[in-house]
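J.: Sharing a model that was predicted from the sequence below.
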Amino acid sequence: KAVNKSVMPYNNGNSVPECKYYPANNKSVVINNLTFNRSPQSKYKTYLCEITGIDGFTIENVAVNTPENNGENDQIITINNCTNVYFNSLIIDGTYSRPDYSGYGIAMNNVWNFSAHNMYGHGNWGVFGTNNISNVSITNSDINRFDIHCYGRDVSFKSVTFRNKYNQFSSVYGTISFDECVFINCVPVV
């Protein structure tokens with residue numbers, strides 16, 4: 001367990017809390033059975049799929065192939081302010097980023113109840129970059145990085161192989177568990 005203080009207080013007059021409200025409309029979104037082959041010429045931050053304010057979002061049987069590239073700040077799949085998000089049989093092979101500079105395959109911000117099953121995700125910088133996530137479960141997968149930058153709670157990995165990077169956790173409350181996981185040239189927790 002770790003207890004951290006605020007990085008930036010809200011009482012300095014320059015920062016104010018931001019609040020958003022997304023009504024639950026009971027409409028789920030499913031993206032399935034697609035393959036995206038990205039161009040090697042792209043030089044810019046790219047959002048292939050950006051999902052915001054959905055309760056019940058599924059990606060199933062989707063592959064994203066990205067050739068080697070010296071881009072930066074990639075976010076192939078961006079999920080903001082969503083609940084009940086499910087990935088099954090998702091492949092992310094590469095990102096528009098260098099190994100030494102930011103660019104994630106999946107960026108999640110303010111997500112509750114996320115699960116991924118049978119996922120293969122390897123990005124040059126890493127596959128997961130997250131903020132404000134809670135109730136996360138990843139099973140039977142092969143990924144190269146899972147980062148929590150600002151607030152995470154109750155994250156579990158079961159039968160996951162981690163390769164060639166590290167997992168970085170900041171401001172985590174609750175439990176992070178690794179059950180039957182394998183680490184190949186990977187630091188489990190930074």
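T.: Yep, that arrived.
J.: The most centrally placed residue in the chain sits in which helix or strand?
T.: Centroid check for the chain by Cα atoms, centre = their mean gives residue 128 as the closest residue, at 3.4 Å. Element membership for residue 128, per DSSP states H and E: strand 126-143.
J.: All the strands of the protein, residue numbers only.
T.: Ranges of strands in the chain, per DSSP state E, are 29-37, 49-52, 55-65, 75-93, 104-117, 120-122, 126-143, 146-163, 168-169, 172-179, 182-184.
J.: what about this protein, any weak spots by pLDDT?
T.: For the chain, the stretches with pLDDT under 70 are 1-20, 22-26, 43-45.
J.: circling back to that earlier point, so which of the strands of the chain comes closest to residue 21?
T.: Ranking the strands of the chain by proximity to residue 21 (Cβ to Cβ) places strand 75-93 first, at 9.5 Å. No exception for glycine: its C-beta is placed from N, CA and C like everyone else's.
J.: before we move on, the earlier item: okay, the strands of the chain in CSV with distance to residue 21 next?
T.: Putting those into CSV (distance: least, Cβ to Cβ, whole Å) gives the following:
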stretch, distance to residue 21
strand 29-37, 19
strand 49-52, 13
strand 55-65, 13
strand 75-93, 9
strand 104-117, 12
strand 120-122, 31
strand 126-143, 16
strand 146-163, 19
strand 168-169, 29
strand 172-179, 24
strand 182-184, 41
